[in-house]
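# Build me a model:
(one chain, ligands or ions: 1)
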Amino acid sequence: MKQKVLKKQQNSKKCLVCGLKNDLGLKASFYETDMNELIAIFNPLEEHQSYPGRLHGGIAGAILDETIGRAIMIQDDTIWGVTVELNIKYKKPIPLDEELRVVGRITKDSKRLFEGTGEILLPDGEIAATAWGKYMKMPIDKIADFNEDEQEWRIVSSKNEPTEIEV
Ligand SMILES: CCCCCCCCCCCCCCCC(=O)SCCNC(=O)CCNC(=O)[C@H](O)C(C)(C)COP(=O)(O)OP(=O)(O)OC[C@H]1O[C@@H](n2cnc3c(N)ncnc32)[C@H](O)[C@@H]1OP(=O)(O)O
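Numbers count the residues shown, from 1 in each chain. So this is what the prediction gives:
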C-alpha cells in the first residue's frame with residue numbers, strides 16, 4: 001500500500017540514527033504520512049553489520065526506537081520522549097547495502113508516557129523485525145542542553161524527496 005508523505009521531519013548533527021554529520025550513523029530520513037504513521041528510510045553501511053552482510057540487531061533496535069519515539073511528533077512536534085522500554089522481535093536477517101523502510105506509529109498516549117509499535121521492512125515488503133516501545137515524555141531541556149542551531153535540528157530536503165512511500 002502506498003502512503004502519501006505529508007511532511008519530512010528534522011535531522012540532527014550527531015545522533016547515531018538521524019545525525020547528518022555522524023560519519024558512522026544511519027543518516028535516516030523520517031516522513032510523516034497520511035496514515036498517521038512515520039516512515040524512516042535509510043541505507044545501512046558495512047559498519048552496521050553484525051555477521052558479515054547482516055544488520056546488527058542493536059542497530060535494528062536503534063532505528064526502530066527512534067522511529068517509534070519520533071512518531072509522537074506527528075501530532076505535536078514539541079513532545080520529546082526518552083525510551084523506558086523496548087521489545088524487539090527479529091524475524092528475518094536484514095541485509096546491508098539496500099534501502100530499508102521502517103514504519104512506526106503511536107498506540108497509546110497519556111499525560112506522562114506514550115507507547116508505539118514499528119516494523120523494519122525488507123526491500124520486497126516482508127517484515128524483518130517488529131518492535132514495541134514505551135517512552136516517558138520529558139521537556140527537551142531536561143533531556144539535553146538543546147540548542148536547535150548548534151545541534152543542526154532542521155528539515156533538510158533534497159531534490160528527490162518521495163511524495164509517496166510503498167509499505
Ligand atoms: C536535541 C537535538 C536532537 C538530537 C537528536 C534527537 C533525535 C530525536 C529523537 C526522538 C525520538 C527518541 C527516540 C530515542 C530516545 C532515546 O534513545 S532516550 C535514551 C534511552 N533512554 C534513557 O536514557 C532513559 C533513562 N531513564 C531515565 O532517565 C529515568 O529512568 C527516567 C525515565 C527519567 C525516569 O526517572 P525517574 O523519574 O527518576 O524514575 P522513577 O521515579 O522511577 O519513575 C517516575 C515515574 O515514572 C514511572 N515509570 C518509570 N519507568 C516506567 C516504565 N518503564 N513504565 C511505566 N512507568 C514507568 C514510575 O512508575 C514513576 O511513577 P510514579 O511513581 O511517579 O507514579
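# Only C-alpha atoms from now on, for both contacts and neighbour counts.
OK.
# Show me what the helix or strand bottoming out on mean pLDDT in the chain is in contact with.
When each helix and strand of the chain is scored by mean pLDDT, DSSP states H and E, helix 140-143 comes last, with a mean of 94. Applying Cα atoms under 8 Å, 6 or more residues apart in numbering, the external contacts of helix 140-143 come out as 80, 82, 146.
# Now, the residues you listed that are in helices?
Among the contacts of helix 140-143, no member falls in helices (DSSP state H).
# now, which of those residues lie close to the ligand?
Subset of the contacts of helix 140-143 in contact with the ligand: 82, 146, counting by Cα under 6 Å from any ligand atom.
# In the contacts of helix 140-143, which has the lowest confidence score?
pLDDT across the contacts of helix 140-143 is lowest for Phe146, at 85.
# That residue: what's it in contact with?
Ile140 are the contacts of Phe146 under Cα under 8 Å, 6+ apart.
# Would you check how far apart it and Val103 are?
Remark: distance between Phe146 and Val103 (Cα to Cα, to the nearest Å) = 27 Å.
# Then Asn43?
As judged by Cα to Cα, Asn43 and Val103 stand 15 Å apart.
# okay, these two: which has more neighbours?
Val103 (24 against 16; other Cα atoms under 10 Å).
# Dig out what that one forms beta bridges with.
Under the criterion DSSP bridges, Val103 forms beta bridges with Ile39, Glu119.
# looking at it, it is touching Met35, isn't it?
No - with contact defined as Cα atoms under 8 Å, Val103 does not count as touching Met35 (10.8 Å).
# thinking again about what came up before, dump the least confident helix or strand of the chain to CSV, keeping only the CA atoms.
Extracted in CSV, the C-alpha atoms of helix 140-143 (Å, rounded to 0.1, in the frame of the first residue of the first chain):
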residue,chain,number,x,y,z
ILE,A,140,13.8,18.8,25.9
ASP,A,141,15.8,21.0,28.3
LYS,A,142,15.6,18.2,30.9
ILE,A,143,16.9,15.7,28.4
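# starting at the chain centroid, how far to the helix or strand following it?
Following helix 140-143 in sequence order, the next helix or strand is strand 164-166 (DSSP states H and E). Distance, stretch centre to chain centre, for strand 164-166: 16 Å (Cα atoms, centre = their mean, to the nearest Å).
# what do you get for stretch 141-154?
Distance, centroid of stretch 141-154 to centroid of chain: 18 Å (Cα atoms, centre = their mean).
# and that stretch, which residues are buried?
Neighbour-count burial for stretch 141-154 flags 152-153 (criterion: 16 or more other Cα atoms under 10 Å).
# Perfect, I'm done here.
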